[in-house]
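[1] I'd like to go over a predicted model; first the sequence, then the structure.
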Amino acid sequence: AVCLSNSLTRVEESGHIYPKVAQCLGIDAVVPGNHDFEAGPQVLEAVEKGLSDSGIPVLGANVLRSGTGRSRFVPYSIFCRGGLRVAVIGLANPNTPMWIPTYLREGLEFLPPAVVAQGIVDEIRGNDMADFVVLLLHSGFGDPELDLQRNPMAEHQALALARELRGVDVVFAGHEHTQGCSRVGGTLVLQGGSYANGLQRGVEERGGKVVGKMMEGEVVDLGQIGEDKDWLRHFEEQIGQVKGYMEQQVGVLPFEVDARRALGGPCNYVDLIHSAQLWASGAQVSFASPYMYDQVIGAGPVSRREVFMMYSAENTLYKVIMSGRQIKDYLEYSYNRWIGGADGHMLQLCYTQQDGRRYWWPGNFTYNFDSAAGLVYEVDVTAEPGNRVGIISLWDGEPFDFEKNYTVALSSYRVCGGGGLFDAGAGIDVENGLDGIVIARYSFVRELLENYLGGGGDIMHSRCGKWRFVPEEMAWRSLERDMRLLFETSFF
């Protein structure tokens, strides 16, 4: 069993490629990840049909058709493997509505996994329907002490579910792109990151009944396994089509794009995203963040693959109305997770110790480090959280007014609550408060970026790069130290 995520979003006349690959790999069941809703219901239904026709169920017990109480997907399936009955219960991430615009998930309701799962487990166990019960969960490990009563919709809750649910043998988790193998009581919990999960079972049988179980699990690094030449030949045509599509030139970069500089202030990379968003929307202000971490793309012809590197998320672009106060609070929330590190660090950093050496990385996901274009502002690295951002004016010198409304370009991920900047930061109710705020929706940001690089707009936009960290000398000294820890090189 595997978790389905990041599926291709194109359906050709011959059908979607994923069901063919899944059948070839011998996959038993899949659960839709949050990204699988991004292409819209037509693509998702085509994938679902292809999988169903191949005998592979798409599971999702906690996704209902709104107002009906009926499951949108098959809640669970039971498989016979090696003489054993294995029940697999599928659970989608309950936070999906925070990341996916309403029009892409129309008529769907996402329930807390724990509320749904225990009833199904009790039904299976009570009717002796299976020897093993497996949860197939699109959610990360999370905090093992997470209180599911208070946080039933937590993004990462695999370990907490394993602790709370009775009668579950194994949890296959996947969402936060990290690896792990853990045991919570008698439940084995595995998370493969971007790799595959391997599970070994030992079972003792007496008189045709299972009387004891011994389970061991491991995360298998597929990088250590050789390529299957027969498999590659079987999909040679499709692989060639994808490679050809991704290597097509879509524009020209007049400058080098270095993602590492995004942590230290305005940079060509994030300003390029700002420029495309302002060009496409005509908004006064743009919010954007880096999606690459340490990659560098040189000046010259740029391919679709490189644009994908620059903006890997399947976000669409929104234009919304925000007050000056909401814009300020949004930025405060962003920089409060970006800077203000301990022990003299300007950036919030973490490290691990291995072989007597420390390995450093940012303390929060950098794709939540939003900056703004269209504004002239300063970020005081010495100030307390909530008082760091000082907005001086709009880009052209017009005074900035906290009580005035402005048009803002930002991603669907933000508008739906992703990263917390729009709701927890700006204080906007993403479930009930969007009426009258959303002015327009546009295509995928990556598609707009391709069009912009292809000659649609002037590079770079004059509204970008008008912010800085202050006091400058102190900020630069601290940044120099932190950037050397992260990237082992200097940028300043």
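    In hand now; what should we look at? Residues are numbered from 1 along each chain as shown.

[2] Quick check: which ranges of this structure have low pLDDT?
    The model of the chain has pLDDT under 70 over residues 1-14, 194-211, 456-459, 491-492.

[3] Which stretches in it count as helices?
    Along the chain, counting by DSSP state H, helices occupy 17-25, 41-53, 96-99, 113-126, 158-164, 229-234, 236-246, 268-281, 304-310, 324-336, 412-415, 445-451, 472-487.

[4] Of the ones you listed, which is nearest residue 357?
    When those are compared by CB to CB, helix 472-487 sits nearest residue 357, at 11.4 Å. Where C-beta positions appear, they are placed from N, C-alpha and C, glycine not excepted.

[5] got the contact list for stretch 112-122?
    61-62, 75-76, 89, 91, 94, 133, 135, 137, 139, 148, 152-153, 157, 161, 164-168 (CB atoms under 8 Å, 6 or more residues apart in numbering).

[6] can we see that at 6 Å?
    Stretch 112-122 is contacted from outside by 61-62, 76, 89, 91, 94, 133, 148, 152-153, 164-165, 167, using CB atoms under 6 Å, 6 or more residues apart in numbering.

[7] Would you check how far apart the residue nearest to residue 145 when sequence neighbours are not counted and residue 246 are?
    Excluding the flanking residues, the one nearest residue 145 by CB to CB, 6 or more residues apart in numbering is residue 160, at 7.6 Å. Between residue 160 and residue 246 the distance is 39 Å, computed by CB to CB, to the nearest Å.

[8] out of those two, which sits in the more crowded spot?
    When residue 160 and residue 246 are compared for neighbours, residue 160 comes out ahead with 24 against 13, by other CB atoms under 10 Å.

[9] and stretch 476-491, which residues are buried?
    Within stretch 476-491, the residues that count as buried by 16 or more other CB atoms under 10 Å are 476, 478, 479, 482, 483, 486, 491.

[10] ok, back up a step: compare the contacts of stretch 112-122 and tell me which is most surrounded.
    Going by other CB under 10 Å, residue 91 tops the contacts of stretch 112-122 with 32 neighbours.

[11] I'd say it and residue 139 touch.
    No - counting by CB atoms under 6 Å, residue 91 stays clear of residue 139, with 7.3 Å between them.

[12] from what I can see residue 188 touches residue 168, true?
    No - the pair residue 188 / residue 168 is not scored as a contact, 9.4 Å apart, by CB under 6 Å.

[13] For the two, indicate the residue with more neighbours.
    In this view residue 188 and residue 168 are compared by other CB under 10 Å, and residue 168 has more residues nearby, 25 against 22.

[14] show me the contacts for that one.
    So residue 168 contacts 133, 135, 187 (CB under 6 Å, 6+ apart).

[15] For burial, what's the neighbour tally of residue 19?
    Neighbours of residue 19 (other CB under 10 Å): 22.

[16] who are the neighbours in contact with the residue lying closest to it once chain neighbours are set aside?
    Take residue 19 and drop its neighbours on the chain: the residue closest to it by CB to CB, 6+ apart is residue 50, 3.2 Å away. Taking CB under 6 Å, 6+ apart, we find residue 50 in contact with 15, 16, 19.

[17] Kindly present the residues you listed as CSV, with separate columns for distance to residue 269.
    Compiled in CSV, these are given as follows (distance: CB to CB, whole Å):
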residue, distance to residue 269
15, 37
16, 32
19, 36
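
[18] what's the residue lying closest to residue 407 once chain neighbours are set aside in contact with, if anything?
    Distance criterion CB to CB, 6+ apart; nearest residue to residue 407, sequence neighbours excluded, is residue 283 at 4.4 Å. By CB under 6 Å, 6+ apart, the residues touching residue 283 are 319, 407, 408, 409.

[19] The third one against residue 282, yeah?
    No - between residue 408 and residue 282 no contact is recorded; they are 11.4 Å apart, counting by CB under 6 Å.

[20] Neighbour count: these two, which is higher?
    With neighbours defined as other CB under 10 Å, residue 408 and residue 282 compare such that residue 408 has more, 28 against 11.

[21] Look up the residues forming beta bridges with that one.
    Applying DSSP bridges to residue 408 gives these bridge partners: residue 285, residue 320.

[22] list the contacts for it?
    283, 285, 320, 322.

[23] Out of those, which comes closest to residue 466?
    Ranked by distance to residue 466 (CB to CB), those are led by residue 285 at 11.3 Å.

[24] how many other residues sit next to that closest one?
    Counted with other CB under 10 Å, residue 285 comes out at 25.

[25] Would you check that it makes contact with residue 376?
    No - using CB under 6 Å, residue 285 is not in contact with residue 376, being 11.4 Å away.

[26] Now for residue 90: which residues touch it?
    Here residue 90 is in contact with 31, 59, 60, 61, 136 (criterion: CB under 6 Å, 6+ apart).

[27] Would you quantify the distance from it to residue 168?
    13 Å.

[28] again with residue 373
    When residue 373 is compared with residue 168 (using CB to CB), they lie 48 Å apart.

[29] what comes up buried for stretch 401-410?
    406, 407, 408, 409, 410.

[30] So what would you say the end-to-end distance of it is?
    20 Å (CA to CA, to the nearest Å).
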